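Enquirer: kindly return the folded structure for what I paste below:
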Amino acid sequence: MPRIDASIDAATLRVPELRALLQEHRVAVPSGARKAALVDLFDSHVRPILQQQATPDRPRAKRVQVPGPREDTPTSTPSSLRKRSRPQLAFGSPGMRTSAAQNSQDSQDSPTPSIRFAEENPFQALQTHSSARATVPKGTHTQVLPGTGTEPHTAPISTPKQRSRVFPPHWRTAALRWILWASACYWIWYCYRSRTIGYCDTNTSAATPHGIVPLAPPCTPCPTHGVCANGHVTSCTSADYTVADAAVSRIPVVSALVPLTWRPAQCVPDTYKLVLASELSAGIVEYLAQWHGSVRCGLAAPLRHVPEHALGKFAVPTATVRAELEARTVDDVDATLFSTLWDLALDGLLEHAPAEIVAITSARGTHWLATHRASMPLRCRIRLYIFALVWRSKLRVLITIVLVLATLYIVRRVRESRVLAVHVAAYARQVCAELCAQAQQHAASPQLPLGLPVAHLRDAVLEDELSSAARRKLWAHVTRVVEQNANVRARQAQWHGEWVRVWEWTGVVPNEGLSSPALHTPHTAEAAQPTGRAGEPSVPPRDTAHDAART
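Expert: As a prediction, this is how the structure comes out:
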């Protein structure tokens, strides 16, 4: 293959040419390698060799040749011939391998063909110093025999340039493989050692590694809220937490390849207990709220020996509440677990919900529980709401009631006074009519009395009034109106041998058959009677009232 320039761009070469160059320089090439990989191999392995070959060497010392017969030349060993006939790259015929001696001899014997080379061909770009070197024809060297004297040569001795040692690629692969194996073994040992050491004690620092082996892993710090002893997490500091392993620890293979520091156990809140404690807290508040509502609605009476507190009559002993709720729990909750849940629930309520529940201690030292909430039926709630509204507005409600009652009383009194005035006027006219009629009879028959007893007139006029009190009250008004009349005179007279108060008509008495509308109108006696609410007469007209009084 022709000699190429060390500064050539490997990307311009074809894949077969790159493979040929790499194989020539004994570079291992994968069978499925792409052109980019071949270019990288060329830049890393072949280009440094080409650069060293392109550097001009110092002039070498000429070999001393002893003239001798030509037939001694073939006495050289095959190894020396093989070394002297090392193939070299030559120009002119790509792909052909010839020795340097044959090329030089052919170049001397055969004429140089006139070929016009292209400057773009990378294999024909320029000539190296190897073409300018003087070659010795094959067969001209003579072998120096032992004991034969030679003359020193005055030519300068050239020392070959020391080349940097390049390790073969398979050495690098092997070294990398051994490094990976050592790292994997150390990692496995590190993970195993980390699991063996375990966790630090609760009060121990993890800064000091365990053991005397260098690069040994230290102990894993004890998790928060955890209690560690002998390399293990024994428990948590509080019953609210439980020990939980990391998710990586549940994978069999991965857990063995990960150190304990990367997957430590943790003390996480016990969610199952927290859920049960939350339900128990709700049960405590609900039980106390129902008891509060029952007492307020009168469905239950307060307990005895309640503490002196604003919510004392609604309080329940703590032991009673615990026993009642423990009886409602399911069978899978034992006494120990219920005791733990009770402590969690009660402490949580007293600490985080002081408005929901109140703990009271009585004078006897007993503990009571009460709540501000009240669970009541709808009817009781409405009734208590109305009472509370009235109590809050009691002053305004009281004033309103008084005003309403006063208004009703005044209206009633006005109506009664109006009805009474009508009745009194009617009874007064009736009495005056009776007295006037009695006066007419006296004028016609002088033996008849002039006046009429007041008591007899009262019973005759008010015979429909059954109540004596109402009769006295009504007759008092009639008496006042009648006695204020100037035509009536009141005096004491003897009636059937008994002195009584009588009324006499002193006014003008009309003649018989005549009537004076100003003094007496007998035909209007019925119209003068008092009427009720519907216009009906409360006292029927009595034209013979004077007859009853006379008898």
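Enquirer: in this protein, what spans have low per-residue confidence?
Expert: 1-2, 56-167, 205-214, 511-551 (pLDDT under 70).
Enquirer: what's the domain layout of it?
Expert: 1-55+87-105+120-136, 170-269, 272-388, 418-550 (automatic domain parsing).
Enquirer: any chance of these in CSV with mean neighbour count and distance to V411 as columns?
Expert: Placement of C-beta: from N, CA and C, glycine included. Listed next are those as CSV, based on neighbours: other Cβ atoms under 10 Å; distance: least, Cβ to Cβ, whole Å:
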stretch, mean neighbour count, distance to V411
domain 1-55+87-105+120-136, 14, 117
domain 170-269, 14, 74
domain 272-388, 15, 28
domain 418-550, 16, 11
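Enquirer: could those domains go into TSV alongside distance to L398?
Expert: Formatted as TSV, these follow (distance: least, Cβ to Cβ, whole Å):
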stretch	distance to L398
domain 1-55+87-105+120-136	105
domain 170-269	57
domain 272-388	15
domain 418-550	31
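Enquirer: V404: which of these is closest?
Expert: Set against V404 and scored by Cβ to Cβ, the domains of the chain come closest in domain 272-388, at 18.2 Å.
Enquirer: now the terminal residues of the closest one, how far apart.
Expert: End-to-end span of domain 272-388 (Cα to Cα, to the nearest Å): 43 Å.
Enquirer: what do you get for stretch 295-302?
Expert: For stretch 295-302, the end-to-end distance is 6 Å (Cα to Cα).
Enquirer: who's in contact with that stretch?
Expert: 291, 293-294, 313-314, 374, 376-377, 380, 384 (Cβ atoms under 8 Å, 6 or more residues apart in numbering).
Enquirer: and those residues, which two are furthest apart?
Expert: Counting by Cβ to Cβ, the most remote pair of these is K313 and P377, 19.3 Å apart.
Enquirer: for the helix or strand hosting E434, name the packing helices and strands.
Expert: Using DSSP states H and E, E434 sits in helix 394-444. Other elements packing on helix 394-444 under the criterion 3 or more Cβ pairs under 8 Å, 6 or more residues apart in numbering; DSSP states H and E are strand 451-453, helix 454-461, helix 468-483, strand 498-505, helix 545-550.
Enquirer: mind redoing it with 6 Å?
Expert: Counting contacts by 3 or more Cβ pairs under 6 Å, 6 or more residues apart in numbering; DSSP states H and E, helix 394-444 is packed against helix 454-461, helix 468-483, strand 498-505, helix 545-550.
Enquirer: how about these, which one is nearest T407?
Expert: Using Cβ to Cβ, the helices and strands packed on helix 394-444 put helix 468-483 closest to T407, at 24.0 Å.
Enquirer: any idea how far V481 is from the nearest residue to R458 once chain neighbours are set aside?
Expert: Nearest non-adjacent residue to R458, counting by Cβ to Cβ, 6 or more residues apart in numbering: W475, 4.9 Å away. The gap separating W475 from V481 is 11 Å, by Cβ to Cβ, to the nearest Å.
Enquirer: excluding its backbone neighbours, what's nearest L18?
Expert: Closest to L18 by Cβ to Cβ, 6+ apart is L38, at 4.2 Å.
Enquirer: where does the one you found land in three-state SS?
Expert: Following DSSP: H, G, I helix; E, B strand; the rest coil, L38 is assigned to helix.
Enquirer: element containing R491?
Expert: Since the elements are taken from DSSP H and E, R491 ends up inside strand 488-495.
Enquirer: can you give me how far that strand is from the chain middle?
Expert: In terms of Cα atoms, centre = their mean, to the nearest Å, the centre of strand 488-495 is set 104 Å apart from its chain centre.
Enquirer: which residues in the chain form strands?
Expert: Along the chain, counting by DSSP state E, strands occupy 87-88, 98-99, 226-229, 232-236, 241-244, 266-269, 316-317, 358-361, 367-370, 451-453, 488-495, 498-505.
Enquirer: who does the fourth one pair up with?
Expert: So that's strand 232-236. Note on strand 232-236: by DSSP bridges, its sheet partners are strand 226-229 (antiparallel).
Enquirer: do the fifth one as well
Expert: Sheet pairing of strand 241-244 (DSSP bridges) gives strand 266-269 (antiparallel).
Enquirer: now the partner strand, how far from the chain's geometric center?
Expert: The answer for strand 266-269 is 21 Å, by Cα atoms, centre = their mean.
Enquirer: which residues touch that strand?
Expert: Strand 266-269 is contacted from outside by 223, 225-226, 236, 240-241, 244, using Cβ atoms under 6 Å, 6 or more residues apart in numbering.
Enquirer: how does it look with 8 Å?
Expert: For strand 266-269, using Cβ under 8 Å, 6+ apart, the contacting residues are 223-226, 233, 236-237, 240-244, 246.
Enquirer: just the CA coordinates for that strand, please, in CSV.
Expert: Included here for strand 266-269 are C-alpha records, laid out as CSV according to Å, rounded to 0.1, in the frame of the first residue of the first chain:
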residue,chain,number,x,y,z
GLN,A,266,-37.2,5.1,60.1
CYS,A,267,-39.7,5.7,63.0
VAL,A,268,-42.8,6.8,61.2
PRO,A,269,-46.1,7.8,62.8
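Enquirer: roughly how far apart are P48 and N487?
Expert: Where N487 is concerned, P48 sits at a distance of 166 Å (Cβ to Cβ).
Enquirer: distance to H496 added to the contacts of strand 266-269, as TSV?
Expert: As requested, the contacts of strand 266-269 are exported to TSV (distance: Cβ to Cβ, whole Å):
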residue	distance to H496
P223	126
T224	123
H225	119
G226	124
V233	127
C236	119
T237	119
D240	112
Y241	117
T242	118
V243	123
A244	122
A246	129
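Enquirer: gap between the two ends of stretch 368-382?
Expert: Note: stretch 368-382 ends 29 Å apart using Cα to Cα.
Enquirer: distance from that stretch to the middle of the chain?
Expert: Using Cα atoms, centre = their mean, the mean C-alpha position of stretch 368-382 is found 30 Å from that of the whole chain.
Enquirer: same question, stretch 333-342
Expert: 28 Å.
Enquirer: and stretch 242-262, by the same measure?
Expert: 30 Å.
Enquirer: just the C-alphas of it, formatted as CSV.
Expert: Below are the C-alpha coordinates for stretch 242-262, written out as CSV (Å, rounded to 0.1, in the frame of the first residue of the first chain):
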residue,chain,number,x,y,z
THR,A,242,-43.5,2.5,64.6
VAL,A,243,-40.3,1.1,62.9
ALA,A,244,-40.6,1.0,59.1
ASP,A,245,-38.0,-0.3,56.7
ALA,A,246,-37.1,1.6,53.5
ALA,A,247,-38.8,0.6,50.2
VAL,A,248,-35.4,-0.5,48.8
SER,A,249,-34.9,-3.1,51.6
ARG,A,250,-37.9,-5.0,50.3
ILE,A,251,-36.2,-5.9,47.0
PRO,A,252,-34.0,-8.9,47.6
VAL,A,253,-31.1,-8.3,45.2
VAL,A,254,-31.1,-4.5,45.4
SER,A,255,-31.0,-4.5,49.2
ALA,A,256,-27.8,-6.6,49.1
LEU,A,257,-26.1,-4.1,46.7
VAL,A,258,-27.0,-1.0,48.6
PRO,A,259,-25.3,0.0,51.9
LEU,A,260,-27.3,0.4,55.0
THR,A,261,-26.7,4.1,55.1
TRP,A,262,-28.7,4.5,51.9
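Enquirer: before we move on, back to that, closest one to Q53 among the strands of the chain?
Expert: That would be strand 87-88 among the strands of the chain, by Cβ to Cβ, at 10.0 Å.
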